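[1] Generate a structure from the sequence data that follows.
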Amino acid sequence: MITDYQLYCEGIMAKRVAQMIEDQVRFWRINHPIEHKLQHKGQNLPVITISREFGAQGAAIARILEKRLGFKVWDKEILEVISKKLGSDVDYIKSLDEHTQNAVEDTIFGFLNRKSTNLNYSIYLIRALQAIEKYGNAIIVGRGGNFICQNRKTFNVRVVAPLTARINHIAGKEGISIEEARAIICTKDEERARFTEHNFNKNIDAPEHYDLVINSDTLGLESASELIIIGYQEKIGHHITVMQAH
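    So this is what the prediction gives:
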């Protein structure tokens, strides 16, 4: 059973994770060259969250938006911050990322091995994303960002693509067979769905959780990013300066 003292300690650690995120945000703003060219320098604009089917290239779209908006992308960077604060190996934190395991097994494993469990990770993840949301001007990829962020102006996107297109993309990118790519995609999609159901009691595929659902195979990455920018500006209620696509 988790004691009040353990919860108190986890709360302290979560605050430290949030502080590390805030320190990185401030450092990035000072040193980021693109943001200085845009009118929203110094403004805390609402974040964009991108949920994605595995292989639909949601992360690639996020990187395009990063260049055009001058926003910072938070994807695996979140794991690096959490792993530094926990003193855990990044690969171990990745094993918890967007995964779930039996609560009893999780607690016992954490106690015996003195390692962070899914519960620890979830607490730190929430505090990290809340810190990112506080400063704004950011794009959060995955990790239930749309369920954690509370700002009503947050723009929530779901990136999808036909299974065949995703299989071909992953097979080509990783240099593996079609059968291997299919197995990886099905496993990853299932893990992400379970993670969302377990932590937020939500169906990751339900369209009502998003402001925009985009088929990246139909539109392509550049057009998809353009639609996101248009939708984002509509939701926040004003236009912002955007770098031209290359």
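
[2] Which parts of stretch 231-238 count as buried, going by neighbours?
    Burial within stretch 231-238, assessed by neighbour count using 16 or more other C-beta atoms under 10 Å, is assigned to 231, 232, 235. Just so you know, the C-beta spots here come from the backbone N, C-alpha and C atoms, and that holds for glycine as well.

[3] Tell me which residues are up against that stretch.
    Here stretch 231-238 makes contact (C-beta atoms under 8 Å, 6 or more residues apart in numbering) with 45, 46, 48, 153, 155, 157, 211, 212, 239, 240.

[4] pLDDT of the helix or strand where residue 59 lies, averaged?
    Per DSSP states H and E: residue 59 is located in helix 58-69. Average pLDDT, helix 58-69: 95.

[5] one step back: now, which of the buried residues of stretch 231-238 sits nearest residue 162?
    residue 231 (22.0 Å; C-beta to C-beta).

[6] do you know how far that closest one is from residue 155?
    Distance of residue 231 to residue 155, computed by C-beta to C-beta, to the nearest Å: 6 Å.

[7] For whatever helix or strand residue 169 lives in, C-alpha coordinates in PDB please.
    Assessed by DSSP H and E, residue 169 sits inside helix 163-174. The C-alpha trace of helix 163-174 is given here as PDB (Å, rounded to 0.1, in the frame of the first residue of the first chain):
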ATOM      1  CA  LEU A 163      -2.700   0.800 -42.000                       C
ATOM      2  CA  THR A 164      -1.100  -0.100 -45.400                       C
ATOM      3  CA  ALA A 165       0.500   3.300 -45.700                       C
ATOM      4  CA  ARG A 166       1.800   3.100 -42.100                       C
ATOM      5  CA  ILE A 167       3.200  -0.400 -42.700                       C
ATOM      6  CA  ASN A 168       5.000   0.700 -45.800                       C
ATOM      7  CA  HIS A 169       6.500   3.800 -44.100                       C
ATOM      8  CA  ILE A 170       7.800   1.800 -41.100                       C
ATOM      9  CA  ALA A 171       9.100  -1.000 -43.300                       C
ATOM     10  CA  GLY A 172      11.000   1.400 -45.500                       C
ATOM     11  CA  LYS A 173      12.300   3.600 -42.600                       C
ATOM     12  CA  GLU A 174      13.500   0.700 -40.400                       C
END
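
[8] Now the element after it, going C-ward?
    helix 178-200.

[9] Show the average pLDDT along the next helix or strand after that next one.
    Using DSSP H and E, the helix or strand that follows helix 178-200 in sequence is strand 212-215. What strand 212-215 shows for mean pLDDT is 98.

[10] Check which residues of strand 212-215 are buried.
    Quick answer for strand 212-215 (16+ other C-beta under 10 Å): 212, 214.

[11] Can you dump the C-alpha atoms of that strand in PDB for me?
    Output of strand 212-215 as PDB, limited to C-alpha atoms (Å, rounded to 0.1, in the frame of the first residue of the first chain):
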ATOM      1  CA  LEU A 212      -8.800  18.200 -35.800                       C
ATOM      2  CA  VAL A 213      -8.200  14.700 -37.100                       C
ATOM      3  CA  ILE A 214      -5.900  14.600 -40.100                       C
ATOM      4  CA  ASN A 215      -5.100  11.800 -42.500                       C
END
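
[12] For that strand, which outside residues touch it?
    Strand 212-215 has contacts (C-beta under 8 Å, 6+ apart) with 61, 155-162, 207, 224, 227-228, 231.

[13] Then stretch 155-163?
    Stretch 155-163 is contacted from outside by 46-53, 55-58, 61, 145-146, 149, 169, 182, 185, 207, 209-217, 224, 228, 231-232, 235-236, using C-beta under 8 Å, 6+ apart.

[14] Only the buried members of those: can you turn that into a PyMOL selection?
    Buried residues among those (16+ other C-beta under 10 Å), as a PyMOL selection:
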select buried, resi 46+47+48+49+50+51+52+53+55+56+57+58+61+145+146+149+169+182+185+209+210+211+212+214+216+217+224+228+231+232+235
